[in-house]
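In: following is a predicted model, sequence given first.
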Amino acid sequence: MAEVELRNVTKRYGDTVALDNVSMTVPDGAFVVLLGPTGAGKTTTLRMVSGLDQPDDGEVLMNGQLLNGLTPAQRNVTMVFQQYSLYPHLTVYENLAFPLRSPLLKTHEDQIKQTVHRVAETLQISHKLENKATALSGGEMQRVSIGRALVRNPEVYLMDEPLSSLDAKLRADLRVELKSIQADSGATLLYVTHDQIEAMTMATHVGVLDQGKLVQFGAPREIYEDP
Ligand code: ADP
Ligand code: ADP
């Protein structure tokens, strides 16, 4: 269960105002797609929620609790990047197990095995578990990247164009998989894309950013019918 809220968030990088007094409430279990031109502040919005960066002004909250000042590890949030962030010399199994091997988690080996197999099945990558990451296709690598977020079972997923480097067929397949994973887990998702089909097919809510301002926020139908 996680509601995410930005309250009057402003973020500057030097003279650039990346986010300008942005307020947004992301309801528990929502799939929010952030749209907008390059430089609009989409990635910065994710960084505010992930804790990779802190706002200059305003508040970021989860379930009403202030996140400002907390590190990424102190937040129940995982980020999936566009770039494959895999360990090339490790197998798919070890790449998926890696986030669970943190000494802080003390996850039992049986539990790790069970989780890795479940996630691999969901992402249809079970047959590649013993392959090195370098031996995978682009689409398979991206599945493993998404899988590394899934194994941690966070309340909030942040995804920055996770499908943009894939061909049309794989994008379509993974759209369906992501949507069903989100529906099944009840997780809250913030998802950055340039792809309007992704927005229309996956979003419960669409936020449109432009020059650091949130110019629209609502159901996909409202956004697209508004000229
Ligand atoms: P988007 O994801 O919508 O393309 P970003 O959130 O990445 O936009 O960036 C918003 C603005 O902030 C852009 O003008 C970008 O150049 C600037 N910006 C983002 N991160 C940094 C940074 N670390 N240093 C300087 N400028 C940055
Ligand atoms: P995307 O195209 O996925 O939105 P960006 O090119 O906006 O990605 O940003 C990629 C990374 O570079 C981010 O970590 C962002 O904070 C950083 N960044 C973006 N613009 C600048 C900039 N002008 N100066 C320094 N870092 C930047």
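Out: Thanks, I have it. Ligands and ions are numbered 1, 2, ... in the order given.
In: other SSEs contacting the helix ranked longest in the chain?
Out: Counting by DSSP state H, the longest helix found in the chain is helix 168-185. Contact analysis of helix 168-185 by 3 or more CB pairs under 8 Å, 6 or more residues apart in numbering; DSSP states H and E lists helix 138-150, helix 196-202 as its packing neighbours. Backbone N, C-alpha and C define where each C-beta goes, glycine included.
In: in the last one, which residues are buried?
Out: For helix 196-202, the neighbour count (16 or more other CB atoms under 10 Å) marks 198-199, 202 as buried.
In: now do stretch 105-119
Out: By neighbour count on 16+ other CB under 10 Å, the buried set for stretch 105-119 is 107, 112, 115-116, 119.
In: among those, which one lies nearest to residue 146?
Out: Among those, residue 119 lies closest to residue 146 (CB to CB), at 8.9 Å.
In: distance between the helix or strand hosting the closest one and the chain's centre?
Out: For residue 119, the host element (DSSP states H and E) is helix 109-122. Mean C-alpha position of helix 109-122 versus that of the full chain (CA atoms, centre = their mean, to the nearest Å) differs by 20 Å.
In: and residue 60, bridged to which residues?
Out: Here residue 60 shows beta-bridge partners residue 6, assigned using DSSP bridges.
In: mind checking how far it is from residue 77?
Out: Separation of residue 60 from residue 77 (CB to CB, to the nearest Å): 10 Å.
In: now do the shared contacts for those two.
Out: residue 49 (CB atoms under 8 Å, 6 or more residues apart in numbering).
In: CA atoms only: put stretch 19-31 into PDB for me.
Out: C-alpha atoms of stretch 19-31 as PDB (Å, rounded to 0.1, in the frame of the first residue of the first chain):
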ATOM      1  CA  LEU A  19      10.900  21.200 -11.400                       C
ATOM      2  CA  ASP A  20       8.900  24.300 -10.700                       C
ATOM      3  CA  ASN A  21       6.500  24.000  -7.800                       C
ATOM      4  CA  VAL A  22       5.100  20.600  -8.700                       C
ATOM      5  CA  SER A  23       2.300  19.100  -6.700                       C
ATOM      6  CA  MET A  24       1.000  15.700  -7.600                       C
ATOM      7  CA  THR A  25      -0.800  12.900  -5.700                       C
ATOM      8  CA  VAL A  26      -0.200   9.400  -6.900                       C
ATOM      9  CA  PRO A  27      -2.900   7.200  -5.400                       C
ATOM     10  CA  ASP A  28      -2.100   3.800  -4.000                       C
ATOM     11  CA  GLY A  29      -1.900   1.200  -6.800                       C
ATOM     12  CA  ALA A  30      -1.900   3.800  -9.600                       C
ATOM     13  CA  PHE A  31       0.000   3.400 -12.800                       C
END
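In: could I get the buried residue list for that stretch?
Out: For stretch 19-31, a neighbour-count test (16+ other CB under 10 Å) marks 19-20, 22, 24, 26, 29-31 as buried.
In: that one vs ligand 2: in contact?
Out: No: Stretch 19-31 lies out of reach of ligand 2 by CB under 6 Å from any ligand atom, never closer than 11.6 Å.
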